[in-house]
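Engineer: What would the 3D arrangement of this be:
(one chain, ligands or ions: 1)
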Amino acid sequence: MLALPSTRLLLLFGESLPSSRLPNVSRKVWGQTSVRFVSQLNPDNGPLTLSSLGFKSDFEKTNKIKADKIERLDVPSEAPKSKVRGVGSNGIKTVKAVGVKKSLEIESAPFSAKSFSELGLPPLLLERLDTAGFTVPTDVQSAAVPTILKGHDVVIQSYTGSGKTLAYLLPILSEVGPLKKKSANGESEFEKKKEIDAVIVAPSRELGMQIVREVEKLLGPTDKKVVQQLVGGANRSRQEEALRKNKPAIVVGTPGRIAEISAAGKLHTHSCRFLVLDEVDELLSFNFREDMHRILEHVGRRSGADPRGSIAARRTIMVSATVPFSVIRAARSWGSDPLLVQAKKVMPLEAVSPSGPVNILKPTSGSDSSMRTQAALQSLPPALKHYHCVTKLQHKVDTLRRCVHALDAKCVIAFMNHTKQLKDAVFKLEARGMVAAELHGDLGKLARSTTLKKFKNGEVRVLVTNELSARGLDVAECDLVVNLDLPTDSIHYAHRAGRTGRLGRKGTVVTICEEPEVFVVKKLQKQLGIPIPACEFTEGKLNVIEED
Ligand SMILES: Nc1ncnc2c1ncn2[C@@H]1O[C@H](COP(=O)(O)OP(=O)(O)OP(=O)(O)O)[C@@H](O)[C@H]1O
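Structural biologist: Model prediction:
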């Protein structure tokens, strides 16, 4: 536990400006900034630091190395395809043509700690991380892992593609399953038991399966059965049979299926030690209300609730790129003194007010919509480029095709709002010789996973989908996101946009809209604090239109 009362402390690691708002040049400066601790509410008390949490902070020591690294990573390995200045053929003043590189290099890696070994992880887990190719923790992992290992309930917020999944999986695998820390007598005492130790809830099957694969990657082939998927759409009796036979320590699933199996008495979670709610703001939505209620009541023992014999309280971990105040409020009631963990900042939830849930620099009026706007800030990767292109409704798909060619994009996700139009768009693209596929909830589980596999393999160039794919979907190669229909709000824009530019890679987001919809783009621009300039696709290039 903390030596100091957590509610009175605020810690800032390095620059407090949200990284997603920083242009390239500033990020370099940010990389070189020395560590800054700010005790906002009570300067007499020491700050909440990694060392106060019981871990050594090597941030200052590694600053030089880190700055060098960021410096190196910021240099593009290839010159931009073309740069044009002047007046376009139609009289519109164009300032720039943008090309996307074929191979996506990591342009601005969000790493801060030098190695995973600084985070207090067990040796076996460190080995597996190395084998899986994970060598340096991201900022949010550096902040979250020690905090969770110290026993805190947390809300983890950082931008899309910044590695939040490992940020919670690593502390879980440190304490649960075959990779966990050895006991005092040096024995690793993993034994199969009936009770589940960790429950991870995600709002979609695709995201659930993706998390399972991430856990399996670390467990390795021999221990794969330590994790069990409980996603909807899959055969329930087979899942129950696997639970009985394999006695997994970790289950990952969708709310409906977990609640169903739990209600049937086939999921033993009374002594569960970790409850993770991935995409927590989505899980709080009305659709999941009943299932989430069951899960929160039946998984482990809530800290602060009446003790049930000798059962230790569960740790509740809530995760999303967008954290509206409703999540903060819920987290306060579900956890005990939960902390808000961001890439370079750990602060008590008590210090978060409705007027500034995740961005202490920009207070808002506190209305519901402004809180949602606040939640969308800091959710976008810094390297993303955003544009909008005005066209007629009947030309949208053709504009998409020209956009893909202009940017030479290889792996494109196009978002639409209605299934019928989505199918039509796929048909039109295919008719024009572009390999496209549809992905939406009306498809069966097998069709969905086959399509996704083909998209990840590069067999499909354009995936036309709906909100189903907006959250969590991780396809590193995705270099372009296109909104063929407008997202409902800035939070939806942020999650859609976050399918590209994963882990510091380059990515472009183009919103194709009709003239009367431009005011919505302007609003998004304002709410997200990012420029979304107008562009057009002429002569095989993306040309930015200068505003008067
Ligand atoms: N330390 C690391 N080193 C290299 N790759 C990493 C590291 N941590 C995570 N990754 C990879 O980065 C990608 C993005 O991670 P992840 O899906 O966890 O992001 P996220 O923050 O949860 O995104 P979203 O908000 O969109 O769900 C994944 O492919 C993951 O395997």
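Engineer: Near residue 149, how many residues? Count them for me, please.
Structural biologist: If you count neighbours by other Cβ atoms under 10 Å, residue 149 ends up with 21. Quick note: C-beta positions are derived from backbone N, CA and C, even for glycine.
Engineer: residues in contact with the closest residue to it other than its chain neighbours?
Structural biologist: Nearest non-adjacent residue to residue 149, counting by Cβ to Cβ, 6 or more residues apart in numbering: residue 171, 4.9 Å away. If you count contacts by Cβ atoms under 8 Å, 6 or more residues apart in numbering, residue 171 has them with 144-145, 148-149.
Engineer: If any of those are buried, put those into a ChimeraX selection.
Structural biologist: Command for ChimeraX, covering only those of the contacts of residue 171 found buried under the criterion 16 or more other Cβ atoms under 10 Å:
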select :144,145,148,149
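Engineer: Am I right that the residue nearest to residue 149 is in a helix?
Structural biologist: Yes. According to DSSP: H, G, I helix; E, B strand; the rest coil, residue 171 belongs to a helix.
Engineer: just checking, residue 536 touches residue 543?
Structural biologist: Yes. Contact status for residue 536 versus residue 543: in contact at 5.5 Å, counting by Cβ atoms under 8 Å.
Engineer: and the two? which has more neighbours close in?
Structural biologist: A direct count of neighbours by other Cβ under 10 Å for residue 536 and residue 543 places residue 543 higher, at 26 against 21.
Engineer: Please name the bridge partners of the more buried one.
Structural biologist: Applying DSSP bridges to residue 543 gives these bridge partners: residue 97, residue 536.
Engineer: Tell me how far it lies from the ligand.
Structural biologist: For residue 543, the distance to the ligand equals 30 Å [Cβ to the nearest ligand atom, to the nearest Å].
Engineer: The stretch 51-200 of the chain against the ligand: which residues are in contact?
Structural biologist: 134, 136-138, 141, 160-166 (Cβ under 6 Å from any ligand atom).
Engineer: Could you rank those residues by neighbour count and give me the top one?
Structural biologist: Within those, most neighbours by other Cβ under 10 Å means residue 141, with 31 neighbours.
Engineer: Just say helix, strand or coil for residue 262.
Structural biologist: Under the three-state scheme (three-state DSSP), residue 262 adopts helix.
Engineer: hang on, it packs against residue 295?
Structural biologist: Yes. Between residue 262 and residue 295 a contact is recorded at 7.1 Å, counting by Cβ under 8 Å.
Engineer: Name the residues contacting each of these two.
Structural biologist: With Cβ under 8 Å, 6+ apart, residue 262 and residue 295 have no common neighbours.
Engineer: looking at this, residue 318 is in a helix?
Structural biologist: No. Residue 318 is assigned strand when assessed by three-state DSSP, not a helix.
Engineer: Where do the strands of the stretch 151-300 of the chain begin and end?
Structural biologist: Remark: strands assigned in the stretch 151-300 of the chain by DSSP state E, counting those that start in this stretch are 154-157, 198-201, 227-230, 250-253, 274-278.
Engineer: For this protein, which helix extends over the most residues?
Structural biologist: What stands out as the longest helix in the chain, according to DSSP state H, is helix 205-219.
Engineer: ok now that one, how far from the chain's centre?
Structural biologist: 14 Å (Cα atoms, centre = their mean, to the nearest Å).
Engineer: now it and strand 274-278, what's the angle there?
Structural biologist: 130 degrees (axes from the mean of the first three to the mean of the last three Cα atoms, to 10 degrees).
Engineer: Residue 119 and residue 166 touch, don't they?
Structural biologist: No. Counting by Cβ under 8 Å, residue 119 stays clear of residue 166, with 10.7 Å between them.
Engineer: Mind listing the shared neighbours of these two?
Structural biologist: With contacts taken as Cβ under 8 Å, 6+ apart, residue 119 and residue 166 have 137, 141 as neighbours in common.
Engineer: Now do stretch 268-284, average pLDDT.
Structural biologist: Stretch 268-284 shows a mean pLDDT of 95.
Engineer: And the ligand, is it touching that?
Structural biologist: No. In terms of Cβ under 6 Å from any ligand atom, no part of stretch 268-284 sits within range of the ligand; the closest distance is 7.0 Å.
Engineer: Could you give me the buried positions within that stretch?
Structural biologist: Those buried within stretch 268-284 under the rule 16+ other Cβ under 10 Å are 269, 271-284.
Engineer: now that stretch: how far from the chain's centre is it?
Structural biologist: Stretch 268-284 has its C-alpha centroid displaced from the chain centroid by 16 Å (Cα atoms, centre = their mean).
Engineer: Between the two ends of it, how far is it?
Structural biologist: End-to-end span of stretch 268-284 (Cα to Cα, to the nearest Å): 23 Å.
Engineer: cool, stretch 483-491 as well?
Structural biologist: 14 Å.
Engineer: Tell me the one among the buried residues of stretch 268-284 nearest to residue 501.
Structural biologist: residue 279 (18.3 Å; Cβ to Cβ).
Engineer: what sits against that closest one?
Structural biologist: So residue 279 contacts 202-203, 207, 319-320, 471-472 (Cβ under 8 Å, 6+ apart).
Engineer: Which member of those is positioned nearest the ligand?
Structural biologist: residue 472 (4.1 Å; Cβ to the nearest ligand atom).
Engineer: ok, residue 146 touching residue 121?
Structural biologist: No. Applying Cβ under 8 Å, one finds residue 146 not in contact with residue 121, separated by 9.6 Å.
Engineer: For those two, work out which one has more neighbours and name it.
Structural biologist: Higher neighbour count among residue 146 and residue 121: residue 146, with 26 against 23, using other Cβ under 10 Å.
Engineer: Look up how far residue 477 lies from the more buried one.
Structural biologist: Residue 146 sits 32 Å away from residue 477, going by Cβ to Cβ, to the nearest Å.
Engineer: What of residue 431?
Structural biologist: Residue 431 is 25 Å from residue 477, where distance means Cβ to Cβ.
Engineer: picking up where we left off before, residue 221: which of the contacts of residue 171 is nearest?
Structural biologist: If you rank those by distance to residue 221 using Cβ to Cβ, residue 145 comes first, at 24.7 Å.
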